[in-house]
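# just coords:
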């Protein structure tokens with residue numbers, strides 16, 4: 001078991017870097033010759049194919065927090081964490097059917113623009129500023145930190161800051177070319193990501209088979225996992241009882257059984273895939289059928305993700321508990337890197353390339369969204385109203401550079417404490433406080449004409465305050481079995497309400513407040529979006545894709561219930 005990279009591994013990685021760089025440059029050169037306006041730079045308007053949209057969605061979504069964080073949750077929870085991925089597929093179908101038609105019909109290019117068009121300028125500005133801070137100080141920093149830590153562990157543990165800067169520069173190189181360069185290089189990135197991820201999972205399973213004497217056979221290795229860790233192959237985490245261990249309580253706090261499916265996991269997925277500039281930007285420049293097909297393609301690829309990002313974590317758990325793995329560096333988040341040490345020379349380089357592809361694609365997608373929101377929704381409206389097309393592109397590029405520089409500076413010495421809570425938890429914690437209010441605001445704004453701008457502002461603020469209340473203060477007010485005791489390493493403990501339950505409660509009360517406030521306004525808000533006959537009509541081939549995808553998900557849940 002060699003933990004360091006050999007020459008062949010570096011060679012594989014360099015080949016990957018050269019291919020992505022040259023392809024990205026060729027797309028940029030063609031875009032520079034053919035397209036000169038700002039919308040082409042920010043949205044690649046009308047030029048993305050369905051497969052480029054789908055691949056870019058997945059490449060931007062799967063990053064270090066999935067490879068490292070979700071593998072760690074696979075180590076800790078098991079297959080239950082796959083619900084994030086499989087229900088994301090259902091969320092993508094919902095977005096393709098009902099959200100995207102609304103955006104495209106009303107010529108929406110950014111999420112703040114949606115809020116201005118549907119509600120008012122104040123709501124749009126509040127959320128534009130919030131999204132900029134969230135993307136820079138939560139998303140960029142966590143992706144950069146987790147990715148650098150993972151690759152640094154494989155490279156010998158002495159190059160953290162060099163790797164951090166290298167990832168940032170690589171992402172800058174891609175993102176400065178605009179949305180079209182980002183999207184088409186993502187096609188290569190997602191291919192490397194999937195191939196490298198599948199290779200890692202295959203080696204993990206054959207390694208398990210080898211250690212347990214059933215031969216170097218992936219299927220036999222998978223059967224060993226099911227035999228050695230049957231509790232890791234249950235989709236529903238049981239509610240703890242009076243005799244439950246602290247470990248069982250901690251698992252339920254992370255994923256509270258059927259209650260997760262009542263609201264929390266749906267709010268996370270629908271808000272992420274349907275109300276997120278970083279994600280929807282890929283589809284906003286296409287026609288409806290192309291956008292829908294691309295989103296459904298992404299949904300089908302999501303079905304593969306647990307195999308790539310979760311299964312290595314379960315394999316690491318079985319190897320670790322049976323003494324075949326040393327102590328994990330960084331706790332459960334070290335599971336994926338530990339599995340990579342079993343890979344032979346060359347394949348280890350491919351897996352590092354896959355991890356790098358995921359990191360760089362997400363960084364590039366994030367900074368492109370940051371530059372789009374800043375340029376179109378802040379700078380053009382409030383700072384330089386007369387900025388022309390070329391000036392907007394230049395401002396966007398400066399925003400890309402500034403965002404990445406800030407992320408590097410704040411990640412340099414882990415200023416935000418990402419490493420202390422784990423990257424996946426870090427992202428869920430800080431985005432989850434705002435998700436209920438944001439999703440309520442978008443959902444009612446799209447599908448209830450009476451929703452007012454006042455209700456929207458109250459909703460986003462109230463959603464945040466309620467999230468703080470239920471997460472931080474409600475445990476001291478309630479005294480029933482919703483509360484679970486959690487022990488901390490320092491010997492102290494606290495009563496907590498599971499995170500998904502907090503989100504559901506926040507969303508419920510926010511929706512009630514927004515509806516009551518809206519009833520005080522006009523029966524039909526003059527800014528309400530109009531629908532038209534056939535707007536949500538689905539073509540037969542699209543229906544077939546959705547039915548096949550849903551049947552696969554049902555079969556998976558029946559198998560692992």
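Perfect, I can see it now. Keep in mind it's a predicted model, so treat the numbers as computed, not measured.

# residues near the closest residue to residue 214 other than its chain neighbours, how many?
Spatially, and ignoring its direct neighbours in sequence, residue 214 is nearest to residue 220 (4.1 Å; C-beta to C-beta, 6 or more residues apart in numbering). Just so you know, the C-beta spots here come from the backbone N, C-alpha and C atoms, and that holds for glycine as well. The number of residues packed near residue 220 is 17, by other C-beta atoms under 10 Å.

# Would you confirm that residue 220 contacts residue 213?
No. Using C-beta atoms under 8 Å, residue 220 is not in contact with residue 213, being 9.7 Å away.

# and the next element down the chain from the helix or strand harbouring the residue nearest to residue 214?
Element membership for residue 220 (DSSP states H and E) is helix 218-228. Remark: after helix 218-228, the chain's next helix or strand is helix 246-254, criterion DSSP H and E.

# helices and strands around that following helix, which ones?
Judged by 3 or more C-beta pairs under 8 Å, 6 or more residues apart in numbering; DSSP states H and E, helix 246-254 is in contact with helix 71-76, strand 484-487.

# ok, the residue nearest to residue 214 to residue 199 distance?
Distance, residue 220 to residue 199, using C-beta to C-beta, to the nearest Å: 18 Å.

# Same question for residue 441.
Distance of residue 441 to residue 199, given as C-beta to C-beta: 42 Å.

# Neighbour count: these two, which is higher?
Legend: neighbour count by other C-beta under 10 Å for residue 441 and residue 199, higher for residue 441 (28 against 17).

# So for that one, what's the pLDDT?
pLDDT for residue 441: 93.

# what helix or strand does it sit in?
Using DSSP H and E, residue 441 sits in helix 435-447.

# which parts of that helix are buried?
The neighbour-count criterion (16 or more other C-beta atoms under 10 Å) identifies 435-446 as the buried residues of helix 435-447.

# ok, those vs residue 79, which is closest?
For these, the residue nearest residue 79 by C-beta to C-beta is residue 435; the value is 24.0 Å.

# show me the contacts for the closest one.
Contacts for residue 435 (C-beta atoms under 8 Å, 6 or more residues apart in numbering) come out as 267-268, 271-272, 463, 503.

# give me that answer again for 6 Å
Neighbouring residues of residue 435 by C-beta atoms under 6 Å, 6 or more residues apart in numbering: 267, 271.

# From residue 106, how far off is it?
Separation of residue 435 from residue 106 (C-beta to C-beta): 23 Å.

# Point out the other helices and strands that the helix holding residue 220 packs with.
Under the contact criterion of 3 or more C-beta pairs under 6 Å, 6 or more residues apart in numbering; DSSP states H and E, helix 218-228 touches helix 179-211, helix 311-321.

# Could you list the low-confidence segments of the stretch 401-550 of the chain?
Across the stretch 401-550 of the chain, the ranges flagged by pLDDT under 70 are 413-429, 475-495.

# Strands of that one, start to end?
Secondary structure of the stretch 401-550 of the chain (DSSP state E, counting those that start in this stretch): strands at 484-487, 493-496.
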